[in-house]
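A.B. asks: Sequence plus the predicted model coming up.
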Amino acid sequence: MKISGWGRYPVVDAQVAYPKTPGGLDDALRACPEGAIARGLGRSYGDSSLGGNMISTRWLDHMLAFDEETGLLHCEAGVTLNGILEVFAPRGWFLPVTPGTRFVTVGGAIASDVHGKNHHVAGCFCDHVGFIDLALEPGRTLRCSPHENPELFRATCGGMGLTGIIRSASIRLKPVGSLLIDQVTYKSPNLRESLELFALHESSPYSVAWIDCISGGESLGRSLLMTGDHAPEGEPEKGSRTSRIDLPVDLPSALLNRYSIKAFNTLYYHRIRAKSVVSRLYYEPFFYPLDSIGGWNRMYGSNGFTQYQFVVPKEGGYPAMDAILKEIVASGRGSFLAVLKAFGRRNANLLSFPVEGFTLALDFKVEKELFPLLDRLDAMVLGYGGRLYLTKDSRMSAESFRRGYPDWERFQAVREAYGAKGRFISQQSKRVGLD
Amino acid sequence: MQNILIIGAASAIAEATARLFAAQGANMFLMARSQERLSGIAGDLKVRGAGSVRTASLDANDIDAHQAALDAAYTSMGRFDVVLVAYGTLGDQKKCEADPDEALRELQTNAMSTVSLLSRLANIMERQGSGTLAVISSVAGDRGRPANYVYGASKAAVTAFCEGLRSRLYRKGVHVLTVKPGMVDSPMTEGMELPAALLAKPEEVARDIVEAIRRKQDVLYTPWYWRFVMMGIIHLPVKVFKRLSL
Ligand SMILES: Cc1cc2nc3c(=O)[nH]c(=O)nc-3n(C[C@H](O)[C@H](O)[C@H](O)COP(=O)(O)OP(=O)(O)OC[C@H]3O[C@@H](n4cnc5c(N)ncnc54)[C@H](O)[C@@H]3O)c2cc1C
Ligand SMILES: NC(=O)c1ccc[n+]([C@@H]2O[C@H](COP(=O)([O-])OP(=O)(O)OC[C@H]3O[C@@H](n4cnc5c(N)ncnc54)[C@H](OP(=O)(O)O)[C@@H]3O)[C@@H](O)[C@H]2O)c1
């Protein structure tokens, strides 16, 4: 069948197996001696989850155990973050780390070692994983954790499915006092202030900024920074659970392209007159503004789109961001808004994306003229000592990958040692030289 | 808390429905063919908040086992508040045309075994004098179409059987709900090239089922628009209908 990632580019023809039981997963592996790749909910943008043989965890979505004392949840890899929230948020437990959509699987969250708005204080998703049960070949499953098979754990967290298929994992949920978030929005007139705002608010548990990618000159890098924390208890502002289109920050960048500069200008200069605005809202619009618009990825047309996400180190972060943003603004091709975030320290996982510094993510419609621009951006990002996020990527070269991820050789050595090489391969892994 | 019996508990629609009941703290008794599936589902439902979860393996085509299996479940639960009958197979129509025995096997699984289970359940529920029997039939039972008329005929039997049963049990305080899903994205339709916009998720169908049980609805089309689609199809004159290759 024809299948793609969230960006709808590229599209591949694949055999997809949908095992229904742990034993069925062994059968599916047995049926693909030439190699396979795990598929979760397909929210990675490019070709990370694509290959000739794909094994979907769709029906491997059972919860196995929960400890009410510690918040430790053991579940199968196909359980979604949405499923966890549905069951546990009403009981006062929350995800320790969540990406900007709740429609991802636990397996996908581990394989991309995803980050959220709290990276600077809480690290990545896998920093809250107790252990992983990993299928390496039919009939062979190993448990790995920071203490047991630690090198396999460090390779599997952020390993893009290339070390095996995660059957199940344990995650430490965190207790929260309410389902509400106290949010403060700050506006910043230029890039320097935007970056400084993150430092100023580094003690806020959650922070992220929407940054203008169209305006240059004086306004280059102007943004709105949103910080948040779980409210201890209380009521939200009226209507905040369903509010969608009234706040431009709740719009996908695709829509913003159409609404063009005017929408952001209105928000920027009129809606928020003060330097900061305080509000209390449900966690859904705070964490998942795009989830309320189903299928927004179709708005870029049939050729699809790509999300370009890079990180540059904190040291020299301003000049790097300044130069790259200027290149993007000059191209006029990027989405109107991008997401800007300051990362905290990196973890020990071999291919995890975040390093201490600044990350920017923006969408580009796929068209022929786009690729030379992205190659130029790659050169700049790598030149500043940065790297690209594999789970968003569909086109980086093997050369760029190796420069950005110097631990790739150790990663390959672990795959070799556990017999994962050649057994777990994706279209992306072949492209970046991890075959 | 409600006591729920599910026959065909490994069906994607049934499992999604069971999760909603689990969130309400219901006690469950699950029957399906595969013990491996049953134990995975039972463990999951417990984490999700179900009261007690018991299981028993049952092949619906093992008619001789029906009475004992139902009696054991009834004894163990003491009362059935909701019984959901969910199993089924979407047979290969072309194979049924070539091999009449295959067609009979399809009718056996989707209709005869259901008649056996529902008859026995009806007697239990009638004695009990309360509860809901929810049975998954299909929009395919509303009209025989060349693409799947063997399956359609078996579901038509289930639909008609339930309609009569509803009137019989109505006076006894027992409610019968006939569920008619449209196209659902489940293992049953895996690998079929169906228009994505018309494929409902099992979770959506499950929400409709739970709500219809709560409201004691008689017939549920799910998702809702199938009611209108089928209204149109039912009213097409035979002369026109036979020319369509639906
Ligand atoms: C709107 C939106 C917002 C997002 N926001 C963020 C964000 O804020 N931060 C962030 O970090 N990411 C973000 N992402 C990216 C997303 O979190 C990741 O791509 C995630 O990995 C997707 O999970 P999935 O279940 O859809 O996996 P898929 O996309 O299906 O697969 C992703 C990778 O995980 C592997 N994988 C999946 N399941 C398993 C398994 N069981 N065992 C082994 N490997 C497996 C696949 O092989 C593949 O390499 C966002 C994506 C979208 C669409
Ligand atoms: N999917 C659709 O588009 C659709 C549309 C309309 C109506 N329906 C009806 O909805 C119901 C649920 O189907 P689904 O969509 O959830 O598909 P599903 O996941 O494939 O479920 C069907 C289930 O029936 C079970 N089953 C088959 N033969 C059995 C037997 N002899 N004894 C016991 N169990 C048996 C299967 O068990 P195993 O796991 O052991 O194989 C399977 O779990 C069915 O009645 C189906 O006809 C489905």
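C.D. replies: Nice, thanks for sending it over. Note that the coordinates shown come from a computational prediction; the quantities given were computed from them, not determined experimentally. Numbering: from 1, shown residues only, chains lettered A, B, ... in the order given. Ligands and ions are numbered 1, 2, ... in the order given.
A.B. asks: show me where chain B has helices.
C.D. replies: B:12-23, B:35-47, B:66-77, B:93-98, B:100-107, B:113-128, B:149-170, B:202-214, B:226-234, B:238-241 (DSSP state H).
A.B. asks: most tightly surrounded among those helices?
C.D. replies: helix B:12-23 (a mean of 24; mean count of other CB atoms under 10 Å in any protein chain shown). All C-beta spots, glycine's among them, are computed from the backbone N, C-alpha and C.
A.B. asks: Neighbours of A:Arg345, how many?
C.D. replies: Using other CB atoms under 10 Å in any protein chain shown, A:Arg345 has 11 neighbouring residues.
A.B. asks: Let me fix that, I meant to ask about A:Gln183.
C.D. replies: The burial count for A:Gln183: 21, using other CB under 10 Å.
A.B. asks: Show me the beta-bridge partners of it.
C.D. replies: Beta-bridge pairing of A:Gln183 under DSSP bridges involves A:Gly228, A:Ser279.
A.B. asks: do the same with the one 5 residues further on
C.D. replies: Bridge pairing for A:Ser188 (DSSP bridges) gives the partners A:Ser223.
A.B. asks: how about a markdown table for the helices of chain B, with mean pLDDT and distance to A:Tyr300 added?
C.D. replies: Listed next are these as a markdown table, based on pLDDT from 0 to 100; distance: least, CB to CB, whole Å:
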| stretch | mean pLDDT | distance to A:Tyr300 |
| --- | --- | --- |
| helix B:12-23 | 98 | 31 |
| helix B:35-47 | 97 | 37 |
| helix B:66-77 | 98 | 52 |
| helix B:93-98 | 97 | 39 |
| helix B:100-107 | 98 | 44 |
| helix B:113-128 | 98 | 47 |
| helix B:149-170 | 98 | 39 |
| helix B:202-214 | 98 | 26 |
| helix B:226-234 | 95 | 31 |
| helix B:238-241 | 93 | 41 |
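A.B. asks: In CSV: those, plus distance to B:Val139.
C.D. replies: What follows is these, written out as CSV (distance: least, CB to CB, whole Å):
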stretch, distance to B:Val139
helix B:12-23, 14
helix B:35-47, 26
helix B:66-77, 27
helix B:93-98, 16
helix B:100-107, 17
helix B:113-128, 17
helix B:149-170, 8
helix B:202-214, 12
helix B:226-234, 5
helix B:238-241, 15
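A.B. asks: Just put those in JSON lines and tack on distance to ligand 2.
C.D. replies: Formatted as JSON lines, the helices of chain B follow (distance: least, CB to the nearest ligand atom, whole Å):
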{"stretch": "helix B:12-23", "distance to ligand 2": "4"}
{"stretch": "helix B:35-47", "distance to ligand 2": "6"}
{"stretch": "helix B:66-77", "distance to ligand 2": "11"}
{"stretch": "helix B:93-98", "distance to ligand 2": "14"}
{"stretch": "helix B:100-107", "distance to ligand 2": "10"}
{"stretch": "helix B:113-128", "distance to ligand 2": "7"}
{"stretch": "helix B:149-170", "distance to ligand 2": "7"}
{"stretch": "helix B:202-214", "distance to ligand 2": "6"}
{"stretch": "helix B:226-234", "distance to ligand 2": "9"}
{"stretch": "helix B:238-241", "distance to ligand 2": "20"}
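A.B. asks: residue ranges for the helices of the stretch 51-200 of chain A, please.
C.D. replies: Under the criterion DSSP state H, counting those that start in this stretch, the stretch 51-200 of chain A carries helices at the ranges A:81-88, A:106-111, A:119-122, A:150-156, A:191-200.
A.B. asks: of all those helices, which gets the most neighbours per residue?
C.D. replies: Among the helices of the stretch 51-200 of chain A, helix A:106-111 has the highest mean neighbour count (mean count of other CB under 10 Å), at a mean of 29.
A.B. asks: Where does the prediction get shaky in chain A?
C.D. replies: Chain A contains residues with pLDDT under 70 at A:237-274.
A.B. asks: and the residue of it nearest ligand 2?
C.D. replies: Nearest to ligand 2 in chain A, going by CB to the nearest ligand atom, is A:Lys20, at a distance of 6.9 Å.
A.B. asks: got the contact list for that residue?
C.D. replies: A:59-60, B:10, B:37, B:187 (CB atoms under 8 Å, 6 or more residues apart in numbering or on different chains).
A.B. asks: Which element, helix or strand, includes it?
C.D. replies: Using DSSP states H and E, A:Lys20 maps to neither a helix nor a strand.
A.B. asks: Quick check, pLDDT for B:Ala111.
C.D. replies: Model confidence at B:Ala111, given as pLDDT, is 98.
A.B. asks: burial count for it?
C.D. replies: Other residues near B:Ala111 number 21, with proximity taken as other CB under 10 Å.
A.B. asks: got the end-to-end distance for stretch B:224-242?
C.D. replies: In stretch B:224-242, first residue to last residue: 26 Å (CA to CA, to the nearest Å).
A.B. asks: before we move on, back to that, kindly list the main-chain dihedrals of the residue of chain A closest to ligand 2?
C.D. replies: For A:Lys20, the backbone dihedrals (degrees, to the nearest 10) come out as phi -110, psi -10.
A.B. asks: Distance of it relative to B:Glu190?
C.D. replies: Relative to B:Glu190, A:Lys20 is positioned 10 Å away (CB to CB, to the nearest Å).
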